[in-house]
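**Student:** my questions are about this predicted structure, shown below with the sequence.
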Amino acid sequence: MKYFLPLKVNFNWIKFEIHRIKQIPSPILIFKIGLRLIGLTVGIVLLPLTLFLHLVGYRHVTVFTDRIGHLALELDCLIKEQQLGLITARKWLILAPPNRVANKHLLSYWQPFVHVISNRVICFLVASMSRWGLMRFNIDRYVRATYKVQAAYGINAKWAHRSPILSLTSEDQKWGADRLLELGLPERAWFVCVHAREGGYSPIDEQLHIHRNCRIENTISAMQEIINRGGWVIRIGDPSMQRLVPMDKVIDYAHHPLKSERLDIILCAMSRFILGNTSGISLVGTVFGVPCALANMVPLAALGVGNRDISIPKLYWSLNEYRYLTFMEVFTSKASQYQYNSEFVQMGLVPVENSLDEIKELAIDMMKRHGDYPSSKQSDVNLSDQFISMLGPNHYSYGASSCVSESFLKRHLSLLIQHE
């Protein structure tokens, strides 16, 4: 199969950055430019010290600590690569100034593996010293590679069925069990965390990612299916999200008084599985070994990272042809790599949100695969393999060990099967 060449220049991000810079008040912009110039000077002055620290094994790891998904998955990939022998063990340094950490409790779980620097002055010095390349370990390839395969998929495929790097401490297990009782769950009740991405969490870059959003209403049937099978539902997220209509055995934790950074992590780690989407909170479950049922995945080439994950994508509706594009049509075009909303708009494509029934069937497939229910795994593997075989070496999740929902592929068989 002939695959397209990857896109080389991220013009959408450049346009966004120019727009963002224009919104910064002049005094603040001047201060930031001055700080950057000071950092460049400091980097030159401290070059001998930088060289020494580089030679003795110190590395500044470029973790994107501002977002919880990156804080979870990027460090997980780093430690897994090291334990698999794919990279040399180093003295890893993570820069985590207090105002740039998405979840401090999750960060505390990484402290046995890396040196966390929180002091703002030391963070500035280390960032300045590593700016020229020495003492720097760039990990953009894990999940921030633009228009390329994300290394996180291959790393987790190699990790296979080994135990997860992280597990809850006994203290967090006890504290979490007590909080579950306060939330209203009976003792030893099992639950599923449910999340639907909305646009309120990070308004500054929402224009780039609005195509990833979805409606919590479309998860209601899946919630009811979980409840019918004996489980509870805990809706996770942030207070900017739409409130849920009250339902028996459903807790709208995103708006609950008990919500905290610590409990965010514990709930994800204790969940039977996470019903999520293309949002970073699901990856917290992934690094604790919790399987994810992921709806509304976009771009089409994005799959779950964990080997027990099941996903379903948004379909691509063509406004020009007034029809859904087949999976092969998308995979053999640049549209399979689109990561920004403007790209879809420019090409007249609409990523269509998954329906109530599709998400319910996804949840059922997950419960069949990882629960006490009859499994249709063999059929699932065959259809999923057919879908995944369309991925090329430049696609987002090439090399993934997860699968696509059997029910979804059966429902859209006409988009999967290629006619001569």
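**Tutor:** That came through fine.

**Student:** quick check: next helix or strand after the top helix by length along the chain?
**Tutor:** When the chain is parsed with DSSP state H, its longest helix is helix 26-45. Using DSSP states H and E, the helix or strand that directly follows helix 26-45 along the chain is helix 47-55.

**Student:** could you check the angle helix 26-45 makes with that next one?
**Tutor:** Helix 47-55 and helix 26-45 are oriented at 70 degrees to each other (axes from the mean of the first three to the mean of the last three Cα atoms, to 10 degrees).

**Student:** please save the CA atoms from helix 47-55 in CSV.
**Tutor:** These are the backbone C-alpha positions of helix 47-55, laid out as CSV (Å, rounded to 0.1, in the frame of the first residue of the first chain):
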residue,chain,number,x,y,z
LEU,A,47,28.2,26.3,29.7
PRO,A,48,31.2,24.7,31.5
LEU,A,49,28.9,23.6,34.4
THR,A,50,26.4,22.3,31.9
LEU,A,51,29.0,20.2,30.1
PHE,A,52,30.2,18.7,33.4
LEU,A,53,26.6,17.8,34.5
HIS,A,54,26.0,16.4,31.0
LEU,A,55,29.1,14.2,31.2
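
**Student:** circling back: which residues sit against the longest helix of the chain?
**Tutor:** Outside helix 26-45, the residues that touch it by Cβ atoms under 8 Å, 6 or more residues apart in numbering are 21, 24, 50, 124-125, 127-132. (C-beta placed from N, C-alpha, C; glycine too.)

**Student:** give the buried residues for it.
**Tutor:** Judged by neighbour count (16 or more other Cβ atoms under 10 Å), helix 26-45 contains these buried residues: 39, 42-43.

**Student:** neighbour count added to the contacts of helix 26-45, as CSV?
**Tutor:** Output for the contacts of helix 26-45, formatted as CSV (neighbours: other Cβ atoms under 10 Å):
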residue, neighbour count
21, 10
24, 12
50, 25
124, 16
125, 19
127, 18
128, 21
129, 25
130, 24
131, 18
132, 13
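
**Student:** now, among those, which is nearest to residue 59?
**Tutor:** residue 130 (8.2 Å; Cβ to Cβ).

**Student:** sec struct for that closest one, please.
**Tutor:** helix (DSSP: H, G, I helix; E, B strand; the rest coil).

**Student:** and it, how far is that from residue 307?
**Tutor:** 33 Å (Cβ to Cβ, to the nearest Å).

**Student:** now residue 327
**Tutor:** 22 Å.

**Student:** between the contacts of helix 26-45, which sits nearest residue 265?
**Tutor:** Nearest member of the contacts of helix 26-45 to residue 265, counting by Cβ to Cβ, is residue 127, at 26.4 Å.

**Student:** which residue is the nearest non-sequential neighbour of that closest one?
**Tutor:** residue 95 (6.1 Å; Cβ to Cβ, 6 or more residues apart in numbering).

**Student:** what does residue 56 give?
**Tutor:** Looking at residue 56 with Cβ to Cβ, 6+ apart, the closest residue is residue 91, at 7.7 Å.

**Student:** show me what the one you found is bridged to.
**Tutor:** Residue 91 forms beta bridges with residue 58, as assigned by DSSP bridges.

**Student:** what's the local residue count around it?
**Tutor:** 12 (other Cβ atoms under 10 Å).

**Student:** tell me if I'm right that it and residue 60 touch.
**Tutor:** No - Residue 91 is beyond contact range of residue 60, at 10.2 Å (criterion: Cβ atoms under 8 Å).

**Student:** residues near residue 382, how many?
**Tutor:** For residue 382, using other Cβ under 10 Å, the count is 11.

**Student:** report the secondary structure state of it.
**Tutor:** Residue 382 ends up helix, using three-state DSSP.

**Student:** show me where this structure has strands.
**Tutor:** 58-61, 91-95, 115-117, 136-137, 191-194, 232-235, 250-251, 274-276, 292-297, 310-313, 315-318, 323-324, 349-352, 403-404 (DSSP state E).

**Student:** which one, of those strands, ends up nearest to residue 69?
**Tutor:** strand 274-276 (10.2 Å).

**Student:** and the closest one, average pLDDT?
**Tutor:** Summarised as a single mean, pLDDT over strand 274-276 is 97.

**Student:** so what strands line up beside that strand?
**Tutor:** Short version: by DSSP bridges, strand 274-276 pairs with strand 191-194 (parallel), strand 292-297 (parallel).

**Student:** may I see the ones you listed organised as CSV, with mean neighbour count, mean pLDDT and distance to residue 174 added?
**Tutor:** As requested, these are exported to CSV (neighbours: other Cβ atoms under 10 Å; pLDDT from 0 to 100; distance: least, Cβ to Cβ, whole Å):
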stretch, mean neighbour count, mean pLDDT, distance to residue 174
strand 191-194, 25, 98, 17
strand 292-297, 28, 97, 25
